[in-house]
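Novice: Okay, sequence plus prediction incoming.
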Amino acid sequence: MISPEYVLTMARYNAWQNRQMKVAVEPLPSAALTEDRGAFFGSILGTLNHLLWGDATWMARFDGGEKPAGGIPESTDLMPSLSEWAVARFRIDARILHWAESLRAVDLAGDLRWYSGAVGAEVARPMALCITHMFNHQTHHRGQLHAMATAAGAEGWTSDLAFMSEEGPWL
């Protein structure tokens with residue numbers, strides 16, 4: 001289904017996108033970041049936080065590291081400010097990159113098992129499918145963020161994977 005090279009490319013793409021997104025939303029006033037814009041997670045900051053929470057949750061499942069507190073309903077309040085979000089985002093992107101750099105083909109085989117708070121049950125799904133889902137989840141919410149940020153007056157950013165530099169910088 002996927003290869004370690006694909007995972008590394010997507011980890012780099014994730015970091016590249018988040019770096020651009022941070023630059024785009026930094027000039028926005030706090031009120032624009034926290035205004036409810038009718039998105040599923042409300043505001044720009046709420047959606048940024050949910051995406052950060054989702055990545056940290058999936059990485060805890062993948063690498064056995066620390067997972068964030070709370071569940072999906074609490075995910076929007078993970079970081080109270082954009083500056084705190086930016087530090088946490090940098091750290092999780094570095095964690096994803098480090099994990100992806102050490103991934104082997106055998107690590108993509110078999111099932112991942114975890115307790116899902118979203119469905120209230122133990123779940124088992126193919127590891128490759130779960131990894132693909134994490135990257136798809138990122139793309140989905142970054143699309144929402146792009147729409148909200150540009151509607152708030154921010155400059156858009158380049159999201160085309162084909163235009164990502166092969167040399168970085170990733171972070």
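Specialist: That came through, no problem.
Novice: hmm, who's touching the top helix by length along the chain?
Specialist: Secondary structure assigned by DSSP state H gives helix 127-151 as the longest helix of the chain. Residues outside helix 127-151 that contact it (Cβ atoms under 8 Å, 6 or more residues apart in numbering) are 1-2, 7, 10, 13-14, 17-18, 21, 24-25, 28, 37, 39-41, 43-44, 47-48, 50-51, 54-55, 58, 61-62, 107-112, 156-157, 159. Glycine gets a C-beta too; all of them are placed from N, C-alpha and C.
Novice: Could you pull out the buried residues of that helix?
Specialist: Of all the residues in helix 127-151, those buried under the rule 16 or more other Cβ atoms under 10 Å are 127-128, 130-132, 134-135, 138, 141-142, 144-146, 148-149.
Novice: Which helix or which strand is home to Ser83?
Specialist: Under the criterion of DSSP states H and E, Ser83 resides in helix 82-102.
Novice: residue boundaries of the strands in this structure?
Specialist: 111-116, 121-126 (DSSP state E).
Novice: With respect to burial, which of those strands scores highest?
Specialist: Using mean count of other Cβ atoms under 10 Å, the stretch among the strands of the chain with the greatest mean number of neighbours is strand 111-116 (a mean of 13).
Novice: ok so, going back, taking the contacts of helix 127-151 one by one, which sit in helices?
Specialist: Members of the contacts of helix 127-151 lying in helices (criterion: DSSP H): 7, 10, 13-14, 17-18, 21, 24-25, 44, 47-48, 50-51, 54-55, 58, 61-62.
Novice: Now do the residue nearest to Thr158 when sequence neighbours are not counted against Phe62, distance only.
Specialist: On the basis of Cβ to Cβ, 6 or more residues apart in numbering, the spatially nearest residue to Thr158 that is not a chain neighbour turns out to be Gln20, at 6.7 Å. Between Gln20 and Phe62 the distance is 24 Å, computed by Cβ to Cβ, to the nearest Å.
Novice: again, but for Val119
Specialist: Computed with Cβ to Cβ, the distance linking Val119 and Phe62 is 19 Å.
Novice: ditto for Met127
Specialist: Taking Cβ to Cβ as the measure, Met127 and Phe62 are separated by 8 Å.
Novice: just Leu8 next, same as before
Specialist: The value you get for Leu8 to Phe62, if Cβ to Cβ is used, is 14 Å.
Novice: just Thr132 next, same as before
Specialist: Here Thr132 is placed at a distance of 12 Å from Phe62 (Cβ to Cβ).
Novice: picking that back up, where do the contact lists of Met127 and Phe62 overlap?
Specialist: Common contacts of Met127 and Phe62, defined by Cβ under 8 Å, 6+ apart, comprise Leu112.
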